[in-house]
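[1] take a look and give me a structure for this.
(chains A and B)
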There are 2 protein chains.
Amino acid sequence: MKTFLGIDWGGTYIKAAVLDSKGKIYNKKVFASEELREKKVFIRTLKNFVASVQKFKLKGIGIGAPGIINIRRGFIYYLPNIPGWKNFPLKTILEKELKLPVFIDNDANVFALAEARLGAAKDVERAIFLTLGTGLGGAVIFNGRILEGEVSASEVGHVPLSIDGKLCGCGAKGCIETFVGNRYLLERYTHLKSNKGKASEVKEIFERAQAGEPEALIVWKEFSVALGKFLAGMINIFNPQKIVFGGGVSKAFSIFKPLVWQVIKKQAMWPQAKGVKLVRAKLKNAGVIGAALLAKENIGK
Amino acid sequence: MKTFLGIDWGGTYIKAAVLDSKGKIYNKKVFASEELREKKVFIRTLKNFVASVQKFKLKGIGIGAPGIINIRRGFIYYLPNIPGWKNFPLKTILEKELKLPVFIDNDANVFALAEARLGAAKDVERAIFLTLGTGLGGAVIFNGRILEGEVSASEVGHVPLSIDGKLCGCGAKGCIETFVGNRYLLERYTHLKSNKGKASEVKEIFERAQAGEPEALIVWKEFSVALGKFLAGMINIFNPQKIVFGGGVSKAFSIFKPLVWQVIKKQAMWPQAKGVKLVRAKLKNAGVIGAALLAKENIGK
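    Model (predicted):
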């Protein structure tokens, strides 16, 4: 049996697991990201974990990192929410320390890889994956492979949907993320309630919309118009067979799916749109599974 | 020597040429599109041309068609500017009539193929190609291959850049085409001149901008903001090494290039944008060359 270490590096938790090539988990550990913020601690912790699972004779390590990566060199350009990791050659350093091949990609790509091989999109060649959360992460599987250049493209959350628009975390204006990101939905809801009622989580806006509250329904309506328009563009470019929704905000799928579909039908070109299905992500541990698959598929090359 | 028939099917002219695999033209004929509007006449004319170049012993035929194609089946969904060709199995019919393998793709993809193999982008793996004309045609070369699904994606001209925006020829609203298409530039110019001066061609707006006319400069400024924003999104998705501009409006390249670049620098993520070059298309007969290459590369499979 060949095993791989998959690391799902998130803003809150870092999950590390030993998996086989079918995505079965043999050993898993969760760390608080805050505690591994320092590079030295991060590397030492990984080293200890690898030593503790020595009996599995790991073939390699895959990492899904929350940022912009040079995937060929395993080099971190930057991690938007974790300062101190700018321009860091993580692959080179880890391979030296751990004596194992290491592969690093963007977390959205790694999530997409898991869902494409073992989850919601395992039966198709072309799919778009969105992680709806604080930001909008995204990835594309095209002809069965992650679409990426030298940099961990595709940063689909930073496609503009407006000539001006709100300032985005990336420094640009009017990115689709500023229409559908968690933070913007909460802000919009507070504004619509004229400060006479807040929501601290998107889940609440979802529940209130289910109960028929007009302001909550407006938030999802606007969210769906923006997401539908954006997806129409992606459909016109990629002619995908599926669009897979993951991330916390995708819990509201039952509310936004029919609305998004209506917008796509109007906005996308019909030969491109006719076959596409909107579905929810399936896997529970997509992060570690995708990271292990990243190692497996790269070693197989 | 292996030769192929390349057909560049445009709204005004249909060009047919015999080429070798290096893009050298041996025999060329130009037809008025209007005269070949009828399917029967189109097919008969092609048949006669193929008979007239019999001595070349053609290996196959490639066609760049102005519309939405199912590339696997060589099936025309529709041609926006040529009525009467909806849902037509052109490949099947031509192969029966001409006794030669026939391959059909969208004209923008065929143009991109020519420029990628023999023109402005022959040294790179990833490039975006735009044909700036009445509409905005586009294509993507990714890892050396045309990016396309089952349908002749990528219809990049129909990526929305606005939540609402102007009605586009495709039936949707706010597509990037409605910001940079020929027709919209002329309309905008007339509006800015308060109907006290018109331009009948985009070339005039270019010349007046070169002469320093304020209204003409505004047209190019707005054009560049929209094009730059749109391209920033494409750069964030595809991490291209080059963006190649073709089509009539690209004659104004010297005016819009620096403006577009300024917008890209602000809007795109720097790891994706740092290597990209904006260049003009190079080939004179990209349409027939690309069509011949389409046949060559598909027969080689």
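
[2] residues from the stretch 151-300 of chain A in reach of chain B?
    A:151, A:153-156, A:158-163, A:170-174, A:179, A:225-226, A:229-230, A:232-234, A:236-240, A:266-272, A:275 (CB under 8 Å from any CB of the partner chain). Any C-beta I mention is one placed from the backbone N, CA and C, and that applies to glycine too.

[3] out of the residues you listed, list just those in helices.
    With DSSP state H as the criterion, helices contain A:179, A:225-226, A:229-230, A:232-234, A:236-238, A:266-267, A:270-272 from among those.

[4] same question for stretch A:167-177: list its buried residues.
    Residues of stretch A:167-177 classed as buried: A:168-170, A:172-177 (neighbour count, 16 or more other CB atoms under 10 Å in any protein chain shown).

[5] for stretch A:193-212, same thing?
    A:193, A:199, A:202, A:205-206, A:208-209.

[6] kindly check the end-to-end length of it for me.
    One end of stretch A:193-212 sits 14 Å from the other (CA to CA, to the nearest Å).

[7] list the contacts of that stretch.
    Contact with stretch A:193-212 is made by A:182, A:185-186, A:189-190, A:215-217, A:219-220, A:248-249, A:251-252, A:255, as judged by CB atoms under 8 Å, 6 or more residues apart in numbering or on different chains.

[8] need the strands for chain A, in chain order.
    A:3-9, A:13-20, A:25-32, A:60-65, A:68-70, A:75-78, A:102-106, A:127-132, A:136-142, A:145-146, A:242-246, A:277-280 (DSSP state E).

[9] reformat those strands as JSON lines; add mean neighbour count and mean pLDDT.
    Below are the strands of chain A laid out as JSON lines (neighbours: other CB atoms under 10 Å in any protein chain shown; pLDDT from 0 to 100):
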{"stretch": "strand A:3-9", "mean neighbour count": "27", "mean pLDDT": "97"}
{"stretch": "strand A:13-20", "mean neighbour count": "21", "mean pLDDT": "97"}
{"stretch": "strand A:25-32", "mean neighbour count": "14", "mean pLDDT": "96"}
{"stretch": "strand A:60-65", "mean neighbour count": "26", "mean pLDDT": "97"}
{"stretch": "strand A:68-70", "mean neighbour count": "23", "mean pLDDT": "92"}
{"stretch": "strand A:75-78", "mean neighbour count": "20", "mean pLDDT": "94"}
{"stretch": "strand A:102-106", "mean neighbour count": "25", "mean pLDDT": "96"}
{"stretch": "strand A:127-132", "mean neighbour count": "27", "mean pLDDT": "96"}
{"stretch": "strand A:136-142", "mean neighbour count": "26", "mean pLDDT": "94"}
{"stretch": "strand A:145-146", "mean neighbour count": "18", "mean pLDDT": "92"}
{"stretch": "strand A:242-246", "mean neighbour count": "25", "mean pLDDT": "98"}
{"stretch": "strand A:277-280", "mean neighbour count": "16", "mean pLDDT": "98"}
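
[10] how about these in CSV, adding distance to residue B:281?
    Converted to CSV, these look like this (distance: least, CB to CB, whole Å):
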stretch, distance to residue B:281
strand A:3-9, 42
strand A:13-20, 47
strand A:25-32, 51
strand A:60-65, 37
strand A:68-70, 29
strand A:75-78, 31
strand A:102-106, 32
strand A:127-132, 29
strand A:136-142, 25
strand A:145-146, 28
strand A:242-246, 33
strand A:277-280, 37
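
[11] considering the contacts of stretch A:193-212, which possesses the most neighbours?
    Tallying neighbours with other CB atoms under 10 Å in any protein chain shown puts residue A:219 at the head of those, with 27 neighbours.

[12] contacts only, for residue A:138.
    By CB under 8 Å, 6+ apart, the residues touching residue A:138 are A:108, A:128-131, A:154-157.

[13] distance check, the residue of chain A positioned farthest from its centre against chain B.
    Distance from the C-alpha centroid of chain A peaks at residue A:196, with 33.4 Å (CA atoms, centre = their mean). Distance, residue A:196 to chain B, by CB to the nearest CB, to the nearest Å: 27 Å.

[14] before we move on, what about residue A:21?
    25 Å.

[15] distance of the residue nearest to the spatial centre of chain A from residue A:79?
    In chain A, the C-alpha nearest the mean C-alpha coordinate belongs to residue A:108, at 2.9 Å (CA atoms, centre = their mean). For residue A:108, the distance to residue A:79 equals 13 Å [CB to CB, to the nearest Å].

[16] and if you look at residue A:146?
    Distance, residue A:146 to residue A:79, using CB to CB: 19 Å.

[17] which ones are touching the spatially closest residue to residue A:142 that is not a sequence neighbour?
    Using CB to CB, 6 or more residues apart in numbering or on different chains and skipping residues adjacent in sequence, the residue nearest residue A:142 is residue A:126, 5.5 Å away. Applying CB under 8 Å, 6+ apart to residue A:126 gives the contacts A:140-143, A:238-242, B:149.

[18] rerun that using 10 Å as the cut-off
    By CB atoms under 10 Å, 6 or more residues apart in numbering or on different chains, the residues touching residue A:126 are A:116, A:140-144, A:147, A:238-242, A:275-276, B:148-150, B:153.

[19] from those, which would you call buried?
    A:116, A:140-142, A:147, A:238-242, A:275-276, B:148-150, B:153.

[20] run through the bridge partners of residue A:130.
    residue A:138, residue A:245 (DSSP bridges).
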